[in-house]
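[1] Predicted coordinates and the sequence they were generated for:
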Amino acid sequence: MGTGEGPGPARGSEESPAPGGSGPVRPHGAPGIGSIFVLAFLVILFPGVAGYVVLDWIGLPIGAAGLLGLFVVFLGLGFFPTVLRRLGWVPTKRRRT
């Protein structure tokens, strides 16, 4: 019983469910939801907090440092869709001709 083999999928199997099963089907190697959350943390939250810490460390008042850190977060929110498209994680918009 201590072998760790249970009714779940075998190790090394693809994440896509068996044919006829329910659940999301994504191509092998496609990013999962965890990867997208990590990227959001790195593009949006981390630069804003780092900017606040650096500005507070150099002596800027807490209000000004907080507002500038929030501004950096808003810039990250604006750039996040572009980053997803450039990585190929989200399809690009097709232009009408």
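    Nice, I can see it. Numbers count the residues shown, from 1 in each chain.

[2] Show me where this structure has its helices.
    Assigned by DSSP state H, the chain shows helices spanning 33-40, 46-57, 62-87.

[3] Same list, the ones you listed, but as a markdown table with distance to Thr97 and mean neighbour count please.
    All C-beta atoms are positioned from the backbone trio N, CA, C, and that covers glycine. Below are those laid out as a markdown table (distance: least, Cβ to Cβ, whole Å; neighbours: other Cβ atoms under 10 Å):
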| stretch | distance to Thr97 | mean neighbour count |
| --- | --- | --- |
| helix 33-40 | 31 | 12 |
| helix 46-57 | 37 | 16 |
| helix 62-87 | 20 | 14 |
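
[4] who wins for proximity to Arg94 among those helices?
    helix 62-87 (12.2 Å; Cβ to Cβ).

[5] still on that earlier bit, out of the helices of the chain, the one nearest Arg96 is which?
    helix 62-87 (17.9 Å).

[6] Lowest average pLDDT across the helices of the chain?
    Lowest mean pLDDT within these: helix 33-40, a mean of 84.

[7] angle of that helix against helix 46-57?
    If you take axes from the mean of the first three to the mean of the last three Cα atoms, to 10 degrees, helix 33-40 sits at 30 degrees to helix 46-57.

[8] can you list the residues that contact helix 33-40?
    Phe80, Val83, Leu84, Leu87, Trp89 (Cβ atoms under 8 Å, 6 or more residues apart in numbering).

[9] could you check the angle helix 62-87 makes with it?
    Using the same axes, to 10 degrees: helix 33-40 against helix 62-87 is 130 degrees.

[10] Send me helix 33-40 as PDB with only the CA atoms.
    This file holds the C-alpha atoms of helix 33-40, laid out as PDB (Å, rounded to 0.1, in the frame of the first residue of the first chain):
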ATOM      1  CA  ILE A  33      -3.300  28.800 -15.100                       C
ATOM      2  CA  GLY A  34      -0.500  28.700 -12.500                       C
ATOM      3  CA  SER A  35       2.000  30.000 -15.100                       C
ATOM      4  CA  ILE A  36      -0.300  32.900 -16.000                       C
ATOM      5  CA  PHE A  37      -0.600  33.800 -12.300                       C
ATOM      6  CA  VAL A  38       3.100  33.800 -11.800                       C
ATOM      7  CA  LEU A  39       3.600  35.900 -14.900                       C
ATOM      8  CA  ALA A  40       1.000  38.400 -13.500                       C
END
